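1. no sequence on this one, just coordinates:
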């Protein structure tokens, strides 16, 4: 199973933070384990954004 590598740019705006996410597959034919991995990554991205993360990060980190 190939891991999904996401590149995320965390930004801050007047009304809160937002994220620009690159690396999501165009076609989402995924096995359950890949879906769980993606969900964990997205949850980590959301938590980092809630905590005020800024800049570009890789998920998962290398």
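-> Structure received. Quick caveat, the model's predicted, so the values are computed rather than measured.

2. Just list what the helix or strand of the chain with the lowest mean pLDDT packs against, helices and strands only.
-> Scoring the helices and strands of the chain by mean pLDDT, DSSP states H and E places strand 16-22 at the bottom, with a mean of 86. Using 3 or more C-beta pairs under 8 Å, 6 or more residues apart in numbering; DSSP states H and E, the elements in contact with strand 16-22 are strand 6-13, helix 32-50. To be clear about C-beta, it is placed using only N, CA and C from the backbone, and glycine gets the same treatment.

3. could those be laid out in TSV, adding mean neighbour count and distance to residue 26?
-> Below are the helices and strands packed on strand 16-22 laid out as TSV (neighbours: other C-beta atoms under 10 Å; distance: least, C-beta to C-beta, whole Å):
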stretch	mean neighbour count	distance to residue 26
strand 6-13	15	14
helix 32-50	14	14
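
4. Reformat those as TSV; add distance to residue 21 and mean pLDDT.
-> Output for the helices and strands packed on strand 16-22, formatted as TSV (distance: least, C-beta to C-beta, whole Å; pLDDT from 0 to 100):
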stretch	distance to residue 21	mean pLDDT
strand 6-13	5	89
helix 32-50	7	91
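
5. Could you point out which of the ones you listed sits nearest residue 24?
-> Checking the helices and strands packed on strand 16-22 against residue 24 by C-beta to C-beta gives strand 6-13 as the closest, at 7.0 Å.

6. Neighbouring strands - and their directions - for the closest one?
-> Using DSSP bridges, strand 6-13 pairs in its sheet with strand 16-22 (antiparallel), strand 55-59 (antiparallel).

7. Can you list the buried residues in the last one?
-> So that's strand 55-59. Using 16 or more other C-beta atoms under 10 Å as the test for burial, strand 55-59 gives 57, 59.

8. distance between that strand and the chain's centre?
-> The chain centroid and the centroid of strand 55-59 are separated by 8 Å under C-alpha atoms, centre = their mean, to the nearest Å.

9. just stretch 26-40 next, same as before
-> So, by C-alpha atoms, centre = their mean, the centroid of stretch 26-40 is 12 Å from its chain's centroid.
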